[in-house]
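Colleague: I'd like to go over a predicted model; first the sequence, then the structure.
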Amino acid sequence: MIDMSPNLVLVVTIGVLFAAGVYLLLERSLSRVLIGVILIGNGANLLFLVAGGAAGRPPIVGSGEGPMADPLPQAMVLTAIVITLGMTAFLLALAYRSWQVNRHDEVQDDVEDRRIARLAARDERAVTDADTDMSTETLDDEAEQARDETDRGAL
Amino acid sequence: MLLLLTLQVIAALVAPALVRLLGRKAFWVLALAPASAAAWALSWTSAVQRGDGPTETVEWIPSLGIELTFRLDTLSWFMTLIVGGVGALVLVYCSAYFTTTASGLARFAAVFVAFEGAMLGLVTADDMLMLFVFWELTTVTSYLLIGHYAERKASRRAAMQAIVITTAGGLAMLVGIILLGEAAGTYRLSAVVAHPPQGTTAVTVAIVCILAGAVTKSALIPFHFWLPAAMAAPTPVSAYLHAAAMVKAGVYLVARFAPAYSSDPTWHGIVVVLGCGTMLLGGYRALRQHDLKLILAFGTVSQLGMMIVLVGLGTRSAALAGLAMLGAHAMFKAALFLVVGVVDAATGTRDLRRLSGVGKTLPITALAGALATASMIGLIPFAGYVAKESALESLHDDPAILAAVAVGSVLTVAYGLRLWWGAFATKRAVAPAAVTESDVSLGDAAHEDAAPAPISHPSLLLVWPAMILGALGLAVALLPQLGEHLLAPYANTYPSGEPGHLLLWAGVTPTFVLTLAILLSGAVLFAVRDRVERWQSDLYRGPEADLIYRRFMRRLDDLAADVTGLTQRGSLPVYLGLILVVFVLAVGGPLLRTTLPGHYIPWDDPAQAVFAAAAIASALLVTRARRRLKAVILLGVGGYAMAGLYLLHGAPDLALTQVLVETVTLVVFVLVLRRLPPYFSDRPLVASRWVRLALGLAVGVVVAGVALVAPGARVHLPVSADFAEEAVTWGGGKNIVNVTLVDIRAWDTVGEISVLLVAATGVASLVFLSRRTGAIFRAQDAQRDRAVWGGSTDPMAALRAPEADTPVSAARDREWLQAGRTLAPQRRSIIFEVVVRLLFHTMLVYSVFLLFSGHNAPGGGFAAGLVTGIALIVRYLAGGRYELGEAAPVQPGLLLGLGLFLSAGVGLVALLVGGSVLESWILDFHLPVVGDLHLVTSLFFDVGVYLVVVGLVLDILRSLGAEIDRRAETGEDPVGGGASERIAAFRDDA
C-alpha cells in the first residue's frame, strides 16, 4: 500500500485556494466569480491528487523504480483542467455579452423572482388562473352559454 | 383482449384522418370500435357465466413485477357491455348531432375513441397498476373532452376543475394501490381480492386512499361539483363520460374491492355516509336547476351516491341491486342526455323556462324521453323499477339507509317528472321559445302559432340511439330472471347476506307499498315544484361547493407564491451561499468526529513548499486586486505554480497540460478584458464582505480537513492498481494516464470532449448570437484596408515611406506573414512576424509529435491540441484576424464535429468487428520504407480529442478575438447602455 500520511504543504495550499475561491465566488462581478471558480478548480484538482496518495514517480511504465503515483486521479484531473478552459471561455463570453447589453459584467438579481415576491407580499396574482377566478357567474349562467355546434339544417 | 385494446388505439389514431376524409360520417366507422368490444363481451357470455372468462398476461417490466394482465369476469363483462354498447350508440348519435362544419371534430373523434379504449382497459385490467394507468387515461381524455370548446372560459375552468379533482383522487388511489400491493405481495387485482391483507394500519390507509379515488371519480360529496360544471362538454360527452361510463369507474372500483373490504368499519363509514349524503344532496339540488343538462347532472350525482352505497354495503342482495342499478342507469341516463341533445338542437335552448310544446312537434323524441324517464323514476315495468325494488328489498335490515334511499327516490321522482315536463310539455305560462329567441331558431317550428317556417324534425338517427336505450330499459325489465342470472355470479362473491333477486312482480309486499308511496310523494313534490324552488333558494344563500373550491385554490396559489417569494430570492450570492453553508455543515459536522491521522509529513519534496507558497500568495493577492488585468496575471502565476506542484507529485502529463491551458486562459482573459472596464466596480457588497470572508474561511478549513483525512480513509486497494499491466497488455501503451483517457476510461473522455464541444458552441453563439459562426477572414479580401487594430492615429505616419503602398518589386514585396499588411502600420512588429514565421510550423510538428508519442510518454491529444491552439494564437497575435483566417481556413464547427465523430464513431467500429465499444486493437505491421509500425486504434480516438481541443481554441479566437476586433473597428459594439444599443447589437448579428 501507498504511504498515507497527509502532506501538510499541499493541505494548506488546498485550504487557501478554496477559501480565496469562495470569497471571490460570492462576488457580483462575473470576472471575479470566474476567477473564484478557477481557484476552486485548482484546489479541487490538488485535492484529487492528495486523496489519491502520496507523490511518486510518473505513471509511465518503465520510468524508473519506486512507488508510482496513482494514474487514475491524474486522468480525471487532466480532463478537468481542459474543461475548466472551456468553461472559462464560456463565462468570459457571457461577461462580454453582459457588457455588450448592460455595460457591465455584474450578475444581477433575477427581476422576475423579485416581482413574484413583491406580488406575493401583496397577495396579488402573478398569473391569471381560471381555477381561482372569483366571478359570480352561477352554473345556470354558464350553462346558458354552453352551446354545441349542433346540426340544425338536417332537421 | 390485447387485440381488442389495440383495435381501439388504432381507431383513435386513424380517427382524425377518417373525419377529414368522410366528415361526420366517420363516426359510423368509429362506432365499430366500441361495438366490437360489446360484441366480443357478448361472445364470452356463457364462459363468463361459468366463471372461466378469458385471462391474458403479457410481461411488461418483469424486474418490477409489472404485467399487462387482463381478465373478464362477470363485473368486467358487464362494464364492457355498457362501455361498448353505449359508446357505439353515442358515436352513431354524434354523426348526426354535430354540424358538418363543427370545429375540432377530428380531435373530438380521436379523443372520444381514445377515452372509450381507456375505459375498456380500466374495466378489464387485472393488474392494479394497469388499472391506475387506464384510470388516469380516462381522466386526461375527459379533461380534453370537457374542454372541447377551449375558447370558452367556462369550458376551460370546468375541464381544469375536473382534472385537478380527479387526478388528486387518482394519486391518492395510487398510494393506496401501492400500500395494498406491498401488503399483499402482489399487484394482481383478483389475487388481492381473493386473499386481502387485513388488520394493519397500512391497509386502513390503503382503503381510505382507494376510496378517495372512487369518491372523486364518481363525484361524491364533497367533490361532487365538478360533474355539473363538466356539463360544459358537448352533450354526447355528457351522455357517455358523465353518465354511462367514466363516472361509473368509481362505482366499479368500489364493487371490485367490496367483497374484500366491505366489512371494514372505515370502508363502511365512508361508503354509507358519503353515498347517502351525495344521494340526498344531488336530488335536492336537481330540483332547483333550470338547465335540462344540469338537472340530469345533479341527478347523476345523486344516483352515483346510491350505487356506491349499494355495491359498497357488502351484502349480496344489495350488490345485485347495485349492479342492476348500474345497468339501468347507464341506459336511462345516457338516453336522457341524448334526448336533451335533440331538444337543444331543435330549439336552441335547454332552459326549461323557455321550452314549450316541444313534445307535440317531436313526439318520437318525447316518447324516447318518456321511456327513459319512466325507468329513472322507477315506474313499473321498467329496469329502474326492478333495480330500485330490489334495492329497497335488500335494505330491510338497515332502516337508516333504507330511509335515505327512499327519500332519495322521492327526489328522483320529482326531478324526473320535472325534467320531462320541462323538456316536452306545453306550458301556458311560458312564452314559446321562438318569441324569446332572437336568432332563427327551430323553436319556430315547434309552435302552430309561429310563422310558417319549414316544419323540420330531427334526423331519426338522432332519436334512435335514445329510443333503443329507452326500449332496452323496458325489455330487460320484462326478463328480470335473465338479469339476475347474468349478474348474480358477481354479487355472490360478496361475503355476507342472502342472495338477492330481481323480480318484476313480487306481490303486494311492504316494499311495493313503499314504492307506491315514493311515487306518490314524488308526484306531489313535482306538483308544488315552484314553491320548492323558491323555498330552496331562500333556505341557503351561502357559498356553494364550487365557490369554496375556488377560494381554496386561490389560497393555495397565494401560499405557493409566498413560498416561492421566500425561497427564490433571485440572488446568485444567496443561492451559492446557501449551498456552501450546507456543504460546511454536512461535511464539516462528520469531520469533527473523525480522528485525525497521527502522522504527518511536511512535504514530499522541499520544492513543493516553494510552488505552494507561490500558489498561496497569488491566490491571496488575487482577492485583493482591484484591477482586472492584475488579477488575471496573478491568477496565471498561481496556475503555473500549480503545474510545478503537479510535476513534483509525479504527474508530468498534468504539468504539461496545466502550463498550456494556463497560457491559453491568459490570452482568452486578455481578449475579453480589453472590452471590459479596467477596474472591478467598487459597488459590490462591501457590507457582506465579512460574511463572504467567514464563509470562505469555513469552506477552506473544511476542505483542508477533508484533504487531511482523505488519504488515510482508503480501505481498499486503488482501482488503478492493475492499470499499469492493463495499459501495456490491452491498451498497447506505456503512458498509463493517456491509456486511461483513450482506452480504459474512454467513455468518460467522450463525455468530456462533448462538454468542450458544447462550451465552444456556447462561446460562439454568445458572440455571434444568430449564427453559429462568422465568415472566415482571408487575406485577399482585406488587401486595401490596412487598418486592423488601427485604434489611435499612427504617430509615425509622417516618417513612413510612401512606397509602402506601391510595391516596387515582387521580391521586396515579400511578407513574413501572409496577412501582415492588413494590420495598421503602427501595430506591426517585424521581429514578431519573423519569429512567428519560424515558430509556427515548428510548433505544429511538435504538437504532432506529442499526439503520436502520447501513448508512451507525456503528451496525448489534449496537450497536442493545446500546442496547436497556441500556435494559432501566436499567428493571430502577430497578424490579426486575417492572419488567423490564413492559418486555419476552416470553420471550428467542422473540427469539433469531426473530432467527436472520430472519437465516438471510431469507437463503434470495434463493435462491428465483434469487440465492445471503444475497444482498442493493436496492429503491428511492416512498411517497406518506414519500417515496423506499432499502431493502436485508440490513436484515432486521441486524434478526435486533438481536433476537438483545436476546434475549441479556434472558436475562442474567432469569436472573442476576430469578431470583437471587427466590431471594434466598425463601431458596432455599443458605446452607451440602453435599448437602442441593444437593438443595434442585435441588428449587426441579424
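Modeller: Now that the structure is in, tell me what you want to look at.
Colleague: Would you map the helices across chain A?
Modeller: Ranges of helices in chain A, per DSSP state H, are A:8-25, A:30-51, A:71-102, A:111-121, A:139-145.
Colleague: And for the stretch 351-500 of chain B?
Modeller: Ranges of helices in the stretch 351-500 of chain B, per DSSP state H, counting those that start in this stretch, are B:358-361, B:363-377, B:383-394, B:399-424, B:433-436, B:460-478, B:480-491.
Colleague: list the helices and strands the longest one packs on?
Modeller: The one in question is helix B:399-424. If you count contacts as 3 or more C-beta pairs under 8 Å, 6 or more residues apart in numbering or on different chains; DSSP states H and E, helix B:399-424 packs onto helix B:265-286, helix B:292-313, helix B:316-347, helix B:358-361, helix B:363-377, helix B:383-394, helix B:510-527, helix B:529-539. Yep, even glycine has a C-beta here, placed from its N, CA and C like the rest.
Colleague: wait, which of the ones you listed is closest to chain A?
Modeller: Ranking the helices and strands packed on helix B:399-424 by proximity to chain A (C-beta to the nearest C-beta) places helix B:316-347 first, at 3.8 Å.
Colleague: If you compare the directions of the closest one and helix B:383-394, what angle comes out?
Modeller: Here the directions of helix B:316-347 and helix B:383-394 differ by 150 degrees (axes from the mean of the first three to the mean of the last three C-alpha atoms, to 10 degrees).
Colleague: is it possible to export the helices and strands packed on helix B:399-424 to JSON lines including mean neighbour count, distance to B:Ala191 and mean pLDDT?
Modeller: Converted to JSON lines, these look like this (neighbours: other C-beta atoms under 10 Å in any protein chain shown; distance: least, C-beta to C-beta, whole Å; pLDDT from 0 to 100):
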{"stretch": "helix B:265-286", "mean neighbour count": "21", "distance to B:Ala191": "19", "mean pLDDT": "92"}
{"stretch": "helix B:292-313", "mean neighbour count": "28", "distance to B:Ala191": "21", "mean pLDDT": "93"}
{"stretch": "helix B:316-347", "mean neighbour count": "28", "distance to B:Ala191": "21", "mean pLDDT": "91"}
{"stretch": "helix B:358-361", "mean neighbour count": "21", "distance to B:Ala191": "53", "mean pLDDT": "83"}
{"stretch": "helix B:363-377", "mean neighbour count": "24", "distance to B:Ala191": "37", "mean pLDDT": "91"}
{"stretch": "helix B:383-394", "mean neighbour count": "27", "distance to B:Ala191": "29", "mean pLDDT": "90"}
{"stretch": "helix B:510-527", "mean neighbour count": "16", "distance to B:Ala191": "38", "mean pLDDT": "90"}
{"stretch": "helix B:529-539", "mean neighbour count": "12", "distance to B:Ala191": "49", "mean pLDDT": "83"}
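Colleague: Turn those helices into JSON lines, columns for distance to B:Gly408.
Modeller: Listed next are those as JSON lines, based on distance: least, C-beta to C-beta, whole Å:
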{"stretch": "helix B:265-286", "distance to B:Gly408": "4"}
{"stretch": "helix B:292-313", "distance to B:Gly408": "6"}
{"stretch": "helix B:316-347", "distance to B:Gly408": "12"}
{"stretch": "helix B:358-361", "distance to B:Gly408": "27"}
{"stretch": "helix B:363-377", "distance to B:Gly408": "12"}
{"stretch": "helix B:383-394", "distance to B:Gly408": "10"}
{"stretch": "helix B:510-527", "distance to B:Gly408": "9"}
{"stretch": "helix B:529-539", "distance to B:Gly408": "16"}
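Colleague: Check what pLDDT residue 12 gets.
Modeller: Since you didn't name a chain, this refers to chain A. On pLDDT, A:Val12 comes in at 95.
Colleague: Please refer instead to chain B.
Modeller: At B:Ala12, the pLDDT value in this model is 92.
Colleague: sorry, back to before: any chance of the helices and strands packed on helix B:399-424 in CSV, plus distance to chain A?
Modeller: Below are these laid out as CSV (distance: least, C-beta to the nearest C-beta, whole Å):
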stretch, distance to chain A
helix B:265-286, 9
helix B:292-313, 6
helix B:316-347, 4
helix B:358-361, 10
helix B:363-377, 11
helix B:383-394, 25
helix B:510-527, 20
helix B:529-539, 11
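Colleague: and the residue lying closest to B:Tyr149 once chain neighbours are set aside, what does it touch?
Modeller: Once flanking residues are discounted, B:Tyr149 sits nearest to B:Ser155: 4.6 Å by C-beta to C-beta, 6 or more residues apart in numbering or on different chains. B:Ser155 sits next to A:146, B:146-149, B:232-233 when contact means C-beta atoms under 8 Å, 6 or more residues apart in numbering or on different chains.
Colleague: next one: B:Ile177
Modeller: B:Ile177 touches B:128-129, B:131-132, B:187, B:206, B:209-210, counting by C-beta under 8 Å, 6+ apart.
Colleague: and stretch B:131-143, anywhere near chain A?
Modeller: No. Using C-beta under 8 Å from any C-beta of the partner chain, we find that stretch B:131-143 stays clear of chain A, coming within 12.5 Å at best.
Colleague: what distance separates that stretch from the middle of the whole chain?
Modeller: 15 Å (C-alpha atoms, centre = their mean, to the nearest Å).
Colleague: One more: stretch B:957-968?
Modeller: How far stretch B:957-968 lies from its chain's middle: 42 Å, per C-alpha atoms, centre = their mean.
Colleague: Between the two ends of it, how far is it?
Modeller: 15 Å (C-alpha to C-alpha, to the nearest Å).
Colleague: That stretch near chain A anywhere?
Modeller: Yes. On the criterion C-beta under 8 Å from any C-beta, stretch B:957-968 is in touch with chain A at B:959-960, B:964.
Colleague: Turn those into JSON lines, including neighbour count.
Modeller: As requested, these are arranged in JSON lines below (neighbours: other C-beta atoms under 10 Å in any protein chain shown):
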{"residue": "B:Ser959", "neighbour count": "24"}
{"residue": "B:Leu960", "neighbour count": "26"}
{"residue": "B:Ile964", "neighbour count": "20"}
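Colleague: Tabulate those residues (TSV), appending distance to A:Arg115 and pLDDT.
Modeller: Listed next are the residues of stretch B:957-968 next to chain A as TSV, based on distance: C-beta to C-beta, whole Å; pLDDT from 0 to 100:
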residue	distance to A:Arg115	pLDDT
B:Ser959	33	91
B:Leu960	34	91
B:Ile964	34	87
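Colleague: one step back: tabulate the contacts of B:Ser155 (JSON lines), appending distance to B:Leu872 and neighbour count.
Modeller: Below are these laid out as JSON lines (distance: C-beta to C-beta, whole Å; neighbours: other C-beta atoms under 10 Å in any protein chain shown):
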{"residue": "A:Ala146", "distance to B:Leu872": "69", "neighbour count": "20"}
{"residue": "B:Ile146", "distance to B:Leu872": "63", "neighbour count": "28"}
{"residue": "B:Gly147", "distance to B:Leu872": "59", "neighbour count": "21"}
{"residue": "B:His148", "distance to B:Leu872": "62", "neighbour count": "23"}
{"residue": "B:Tyr149", "distance to B:Leu872": "63", "neighbour count": "21"}
{"residue": "B:Ala232", "distance to B:Leu872": "66", "neighbour count": "28"}
{"residue": "B:Ala233", "distance to B:Leu872": "66", "neighbour count": "27"}
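Colleague: Out of the residues you listed, which comes closest to B:Gln818?
Modeller: In terms of C-beta to C-beta, no member of those lies closer to B:Gln818 than B:Gly147, at 66.6 Å.
Colleague: how about low-confidence regions in chain A?
Modeller: Scanning chain A for pLDDT under 70 picks out the ranges A:1-4, A:126-137, A:151-155.
Colleague: any idea how far chain B is from the residue most central in space within it?
Modeller: For chain A, the residue sitting closest to the mean C-alpha position, by C-alpha atoms, centre = their mean, is A:Val37 at 10.7 Å. Distance, A:Val37 to chain B, using C-beta to the nearest C-beta, to the nearest Å: 11 Å.
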